[in-house]
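Chemist: one predicted model, sequence on top.
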Amino acid sequence: MSTTKTTISTKAGEIIRKWHLIDLKGKTLGRISTEIAKLLMGKSKEYFVRNLDCGDYVVVINARDVKVTGKKEKQKIYYRYSGYPGGLSQETLEKLRLRKPEDIITHAVKGMLPQNKLRDKMLIRLHVFNDEEHSYADKFNKNIKEKSE
């Protein structure tokens, strides 16, 4: 008798999504954005497959307080192009932190996700806030109640 093992492929309906709260106060940008990208992709789940969006929801607070190493604060440049002639604008990390700090996190995480059709779906589940106040507190309170019961 031969025993054969079959591979069970993951279906979209079997995916369970959790909510994660990440505080960026005092954390390094590159190191924490890899962790956020792993959560958004769902790579730590046992049923992870590359062709499905298996990731969780991630709420990031204190985006203003993320730190960078070296001289990146003044030397790292973010580019935007409007599509018009002469429409290339550039901005340092220091100025972007004052204007729109959540874009720093979103840009870093977006670069660490796979460049395919699933990336936009993964980024929809990323919610970045400048300070500690966020509108998803009910999601985490529900998770705490489920764990205590």
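Modeler: Yep, it's here. Residues are numbered from 1 along each chain as shown.
Chemist: can you give me the strands in this protein?
Modeler: Applying DSSP state E to the chain gives strands spanning 19-23, 57-61, 77-81, 88-92, 126-128.
Chemist: just put the ones you listed in a markdown table and tack on distance to residue 110, mean neighbour count and mean pLDDT.
Modeler: Bear in mind the C-beta positions are built from the backbone N, C-alpha and C, glycine included. Listed next are the strands of the chain as a markdown table, based on distance: least, CB to CB, whole Å; neighbours: other CB atoms under 10 Å; pLDDT from 0 to 100:
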| stretch | distance to residue 110 | mean neighbour count | mean pLDDT |
| --- | --- | --- | --- |
| strand 19-23 | 16 | 16 | 95 |
| strand 57-61 | 13 | 21 | 96 |
| strand 77-81 | 12 | 11 | 96 |
| strand 88-92 | 17 | 12 | 97 |
| strand 126-128 | 9 | 20 | 97 |
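Chemist: now those in a markdown table, with distance to residue 34?
Modeler: Below are the strands of the chain laid out as a markdown table (distance: least, CB to CB, whole Å):
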| stretch | distance to residue 34 |
| --- | --- |
| strand 19-23 | 12 |
| strand 57-61 | 12 |
| strand 77-81 | 19 |
| strand 88-92 | 23 |
| strand 126-128 | 14 |
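Chemist: helices of this structure, start to end?
Modeler: According to DSSP state H, the chain carries its helices in the segments 29-41, 72-75, 93-99, 102-112, 119-124, 137-148.
Chemist: how about those, which one is nearest residue 66?
Modeler: With CB to CB as the criterion, residue 66 lies closest to helix 29-41 of the helices of the chain, at 5.1 Å.
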